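J.: would you be able to build a 3D model of this:
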Amino acid sequence: VLRCEGAGLFELHHMLGAAMAKFGMRALPDFTPHLTLAYGEWPLAEQPIDPISIRIAGFRLVHSRLWKTEYRVIKHWSLTQSKPRLH
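T.: Numbering: from 1, shown residues only. Got it, this is the predicted structure:
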């Protein structure tokens, strides 16, 4: 698991949680933004790494069942301007 840091990411989480509350949903207040690289029984020690930059092409709002690997995409937003396709 890569844990994410940065004020902007935590601000986004707070804003999403506030928006979810308006619709009767709740966000976990102690959520740690992360990227899961693999699942398994490998006992790896935590270690710091240099920052990684990635380019994001889209954003998905995903419903994750707590403690399960079941995910449902609620909505997807593209962050790139796509050119019209010619058919």
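
J.: which stretches in the chain count as helices?
T.: 7-22 (DSSP state H).

J.: so in it, where's the weakest helix or strand by average pLDDT?
T.: Counting by mean pLDDT, DSSP states H and E, the weakest-scoring helix or strand in the chain turns out to be strand 34-35, with a mean of 77.

J.: show me how far that one is from its chain's centre.
T.: From the chain centre to the centre of strand 34-35 is a distance of 7 Å (CA atoms, centre = their mean, to the nearest Å).

J.: by contact count, what packs against that strand?
T.: strand 2-3 (3 or more CB pairs under 8 Å, 6 or more residues apart in numbering; DSSP states H and E). Every residue, glycine included, has its C-beta placed from N, CA and C.

J.: ok, the strand it packs on: who's next to it in the sheet?
T.: Strands adjacent to strand 2-3 in the sheet, as given by DSSP bridges, are strand 34-35 (antiparallel).

J.: what's the local residue count around residue 43?
T.: A total of 5 residues lie near residue 43 under the criterion other CB atoms under 10 Å.

J.: contacting residues for residue 70?
T.: residue 64 (CB atoms under 8 Å, 6 or more residues apart in numbering).

J.: and it, what's its pLDDT?
T.: pLDDT recorded at residue 70 is 84.

J.: what about the strands in the chain?
T.: 2-3, 34-35, 58-64, 71-78 (DSSP state E).

J.: of all those, which one comes closest to residue 16?
T.: strand 58-64 (7.9 Å; CB to CB).

J.: what mean pLDDT does that closest one have?
T.: 82.

J.: and that strand, what does it pack onto?
T.: Strand 58-64 packs on strand 71-78, going by 3+ CB pairs under 8 Å, 6+ apart.

J.: identify all contacting residues around the strand it packs on.
T.: 57, 58, 59, 60, 61, 62, 63, 64, 65.

J.: ok, now stretch 6-13?
T.: By CB under 8 Å, 6+ apart, stretch 6-13 touches 27, 31, 33.

J.: now do the contacts for the first one.
T.: If I follow you right, that is residue 27. Contacts of residue 27 by CB under 8 Å, 6+ apart are 13, 16, 17, 20, 21.

J.: thanks a lot, catch you later.
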